[in-house]
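Student: The following block contains a protein sequence and its predicted model.
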Amino acid sequence: MSASNSQAQMVGRRAELMAELFFQSLDAAYVARFEHALAFDLLVGLSNPQGGIDNFAVEVKATQQPVRSGFRISRKIHERLSHSNTPAMLLVADVKQDRLYYAWLRPEQAAASRSNRDTIVVPLTEIDEGAKARLREELAAQRSEAMAA
């Protein structure tokens, strides 16, 4: 294994660990990490007030650069996750500044993005205490939408 490969793997693993710790802080019922590439990196379950578990997929991306208002991802990954029957979140970890950012992946983001045909820019929200509360509300709203469908 080359030094650059090792460095990239360590940065990626650090991002996954930051994500796992974040979901633990939300009292996740579980955080499943997959060793082999699937459609996403993590499957997270949060207990809901009705006694069930709300599940969602998480695509984790690492960066060592400052995160601006959006993050560029592969259009193919975005389409696969935004058109899934499981809600999908993009979680970006700034491993140098120990900051996390997120966005729910939705089909309309692709049309709104002004990037090239192979990538799109997804608008992000920095995770702070207020964002944690909003995230719980968003999960409840997604559960309501799924039940109405």
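Tutor: Cool, the structure landed. Note that the coordinates shown come from a computational prediction; the quantities given were computed from them, not determined experimentally.
Student: and the residue lying closest to residue 118 once chain neighbours are set aside, how many neighbours?
Tutor: Leaving aside its sequence neighbours, residue 118 sits nearest to residue 75 (C-beta to C-beta, 6 or more residues apart in numbering; 5.7 Å). From N, CA and C alone the C-beta is placed, and that goes for glycine too. Close neighbours of residue 75, defined as other C-beta atoms under 10 Å, add up to 16.
Student: Repeat that for residue 87.
Tutor: Counted by other C-beta under 10 Å, the residues lying close to residue 87 total 22.
Student: my guess is residue 132 is in a strand, correct?
Tutor: No - the assignment for residue 132, made by DSSP: H, G, I helix; E, B strand; the rest coil, is helix rather than a strand.
Student: Just give me the longest helix of the chain.
Tutor: Counting residues, the longest helix in the chain under DSSP state H turns out to be helix 3-25.
Student: Could you export that helix as CSV, CA atoms only?
Tutor: Extracted in CSV, the C-alpha atoms of helix 3-25 (Å, rounded to 0.1, in the frame of the first residue of the first chain):
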residue,chain,number,x,y,z
ALA,A,3,1.7,6.3,1.4
SER,A,4,-0.9,8.3,-0.5
ASN,A,5,-3.3,5.4,-0.6
SER,A,6,-2.8,5.0,3.1
GLN,A,7,-3.4,8.7,3.7
ALA,A,8,-6.6,8.7,1.7
GLN,A,9,-7.9,5.6,3.5
MET,A,10,-7.2,7.2,6.9
VAL,A,11,-8.9,10.4,5.9
GLY,A,12,-11.9,8.4,4.7
ARG,A,13,-12.1,6.3,7.8
ARG,A,14,-11.8,9.3,10.0
ALA,A,15,-14.8,10.8,8.2
GLU,A,16,-16.8,7.6,8.8
LEU,A,17,-15.8,7.6,12.5
MET,A,18,-16.9,11.2,12.8
ALA,A,19,-20.3,10.3,11.2
GLU,A,20,-20.7,7.3,13.5
LEU,A,21,-20.0,9.4,16.6
PHE,A,22,-22.5,12.0,15.4
PHE,A,23,-25.3,9.5,15.0
GLN,A,24,-24.5,8.0,18.4
SER,A,25,-25.0,11.6,19.8
